[in-house]
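Asks: build me a model:
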Amino acid sequence: MRVELRVHNRHGDRVDPVPFLVTAGLAFTFALSFGPIYGLSYGLTLPTSLALSTLAFAVATALAYQQLVRCAPPLDAGPLPPGPRVERLLYAGAGLGVLIVALTVPLL
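Replies: So this is what the prediction gives:
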């Protein structure tokens with residue numbers, strides 16, 4: 001049995017849902033893994049920490065949907081030029097690296 005997920009951009013063209021799903025999964029992992037721990041260490045209660053972490057996940061998912069699905073070019077638009085693709089990949093890698101380093105810094 002094959003399940004096909006049909007996702008459309010704002011123009012009604014089909015787009016690839018995989019980048020959005022991966023980004024939402026990473027947002028879930030980071031927000032709900034580190035968020036409650038950091039919230040508790042700053043004196044918040046567990047329900048408040050979980051609520052703020054869930055809110056952070058929802059905001060990150062909404063931003064990812066806007067960028068990767070709603071404003072995405074259609075599948076048949078052809079390949080993007082390599083310059084902007086490499087630049088976006090480098091920025092995303094640097095951002096993820098900064099996030100990981102920031103989360104591993106011990107709390108004071």
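Asks: going by C-alpha atoms from here, please, whenever you check contacts or count neighbours.
Replies: Fine.
Asks: helices of the protein, start to end?
Replies: Across the chain, reading from the start of the chain, the helices by DSSP state H fall at 18-41, 46-65, 82-104.
Asks: can you list these in TSV and add mean pLDDT, mean neighbour count and distance to residue 75?
Replies: Output for the helices of the chain, formatted as TSV (pLDDT from 0 to 100; neighbours: other C-alpha atoms under 10 Å; distance: least, C-alpha to C-alpha, whole Å):
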stretch	mean pLDDT	mean neighbour count	distance to residue 75
helix 18-41	91	16	12
helix 46-65	95	17	16
helix 82-104	87	11	15
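Asks: just want the most central residue of this structure.
Replies: residue 23 (3.4 Å; C-alpha atoms, centre = their mean).
Asks: which residues sit in contact with that one?
Replies: 61, 64 (C-alpha atoms under 8 Å, 6 or more residues apart in numbering).
Asks: quick one: it from residue 2, how far?
Replies: 23 Å (C-alpha to C-alpha, to the nearest Å).
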